[in-house]
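Engineer: sequence below, structure please.
(one chain, ligands or ions: 1)
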Amino acid sequence: LPAAMEPCWEPGEPGEPGWARPEGELGGRGLLALAVASGAAAWATWAVLLMPGFRRVPLRLQVPYQPSSPRQVANALALLRGRAGKTVDLGSGDGRLVLEAHKQGLRPALGYELNPWLLCLANYRAWKAGCHGNVSFLKKDLWKVDLSDCHNVIVFLAPSVKPPLATKLLAELPDDARVVAGRFPFPCWTPSSSLGQGLEQVWAYDMKEVRREVQGSAQESQV
Ligand SMILES: C[S@@+](CC[C@H](N)C(=O)[O-])C[C@H]1O[C@@H](n2cnc3c(N)ncnc32)[C@H](O)[C@@H]1O
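Structural biologist: As a prediction, this is how the structure comes out:
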């Protein structure tokens, strides 16, 4: 061939016969395999470690584990100081709030949790703190437990579940119950008190006052 008609590929260019992919570079198939493997790893972490036991909980009501900080625990317990009666943490994680509640004299203190790893950890922590047998961690769906005999309820849950949780608490809790919420307040309730700033802030709600407020606004909207 005359020189002008020869293919103008440089040796080693992609597409040239014999071209080898530089080491470390992924092709389309490699990228697809990587995406599938990462997805599978993420799913396995979610299903086995983060959210086992949640099969029957609708996705919109699922809340992943995020432990409260020592300051959040102290603030929550400060808002329950001087109170008595059954105390529950809805979604008790590794049991830190329940253990502190017990140490503060709130009896009985118990946690509802669906993640079996966290339940094991909570029981281990209770045993280590010498409280085993005095506190309970139950593998129960917080949406299905009856709260009518609870006097102190702690909730460190996502903002997305606060509206359905507010409906459940209003329907079940006795008038003298107090609810302590961490990280995010209940959007439509006025707290009786609050402690801390930013992410450390916790809010206390007294059910009698909350009911009065909710009934008042329902009557106003009918007029
Ligand atoms: C944000 S973490 C708070 C953990 C703990 N209360 C704390 O403050 O350290 C929420 C916890 O609720 C649990 N949880 C979420 N949905 C639940 C459900 N339907 N029933 C029981 N536990 C649930 C999760 O497994 C997770 O441990």
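Engineer: how close does residue 45 get to the ligand?
Structural biologist: 14 Å (C-beta to the nearest ligand atom, to the nearest Å). The C-beta positions use only the backbone N, C-alpha and C, and glycine is treated the same way.
Engineer: okay, that residue and residue 36: tell me how far apart.
Structural biologist: 15 Å (C-beta to C-beta, to the nearest Å).
Engineer: now the helices for the protein?
Structural biologist: For the chain, helices defined by DSSP state H occupy the ranges 28-44, 70-78, 96-103, 116-128, 162-172, 207-222.
Engineer: how about low-confidence regions in this protein?
Structural biologist: Applying pLDDT under 70 to the chain flags residues 1-24, 46-50.
Engineer: would you pull up the residue in it closest to the ligand?
Structural biologist: residue 91 (2.1 Å; C-beta to the nearest ligand atom).
Engineer: thought that residue was touching residue 112?
Structural biologist: Yes - between residue 91 and residue 112 there is a contact at 6.9 Å, judged by C-beta atoms under 8 Å.
Engineer: shared neighbours, these two?
Structural biologist: residue 142 (C-beta atoms under 8 Å, 6 or more residues apart in numbering).
Engineer: check the offset of stretch 25-34 from the chain's centre.
Structural biologist: In terms of C-alpha atoms, centre = their mean, to the nearest Å, the centre of stretch 25-34 is found 35 Å from the chain centre.
Engineer: begin at 48 from here
Structural biologist: Done: numbering now begins at 48, and the last item shifts to stretch 72-81.
Engineer: dump it to PDB, restricted to CA.
Structural biologist: In PDB, the C-alpha atoms belonging to stretch 72-81 read as follows (Å, rounded to 0.1, in the frame of the first residue of the first chain):
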ATOM      1  CA  GLU A  72      -8.100  -0.700  33.800                       C
ATOM      2  CA  LEU A  73     -11.600  -2.200  33.900                       C
ATOM      3  CA  GLY A  74     -13.600  -2.900  30.800                       C
ATOM      4  CA  GLY A  75     -17.500  -2.800  30.600                       C
ATOM      5  CA  ARG A  76     -17.800  -6.300  31.900                       C
ATOM      6  CA  GLY A  77     -15.300  -5.600  34.700                       C
ATOM      7  CA  LEU A  78     -17.300  -2.500  35.800                       C
ATOM      8  CA  LEU A  79     -20.600  -4.500  35.700                       C
ATOM      9  CA  ALA A  80     -19.100  -7.300  37.800                       C
ATOM     10  CA  LEU A  81     -17.800  -4.700  40.200                       C
END
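Engineer: which bits of this structure sit near the ligand?
Structural biologist: 104, 109-110, 112-115, 136, 138-140, 143-144, 159-162, 165, 188-190, 203-204 (C-beta under 6 Å from any ligand atom).
Engineer: returning to what we had before: let me have the helices of the chain in a markdown table, extended by mean neighbour count.
Structural biologist: Listed next are the helices of the chain as a markdown table, based on neighbours: other C-beta atoms under 10 Å:
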| stretch | mean neighbour count |
| --- | --- |
| helix 75-91 | 10 |
| helix 117-125 | 18 |
| helix 143-150 | 23 |
| helix 163-175 | 16 |
| helix 209-219 | 16 |
| helix 254-269 | 12 |
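Engineer: per-domain residue ranges of this protein.
Structural biologist: 69-98, 117-269 (automatic domain parsing).
Engineer: sorry, back to before: buried among the residues of the chain next to the ligand? Make that a ChimeraX selection.
Structural biologist: Command for ChimeraX, covering only those of the residues of the chain next to the ligand found buried under the criterion 16 or more other C-beta atoms under 10 Å:
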select :104,110,115,136,138,139,140,143,144,159,160,161,162,165,189,203,204
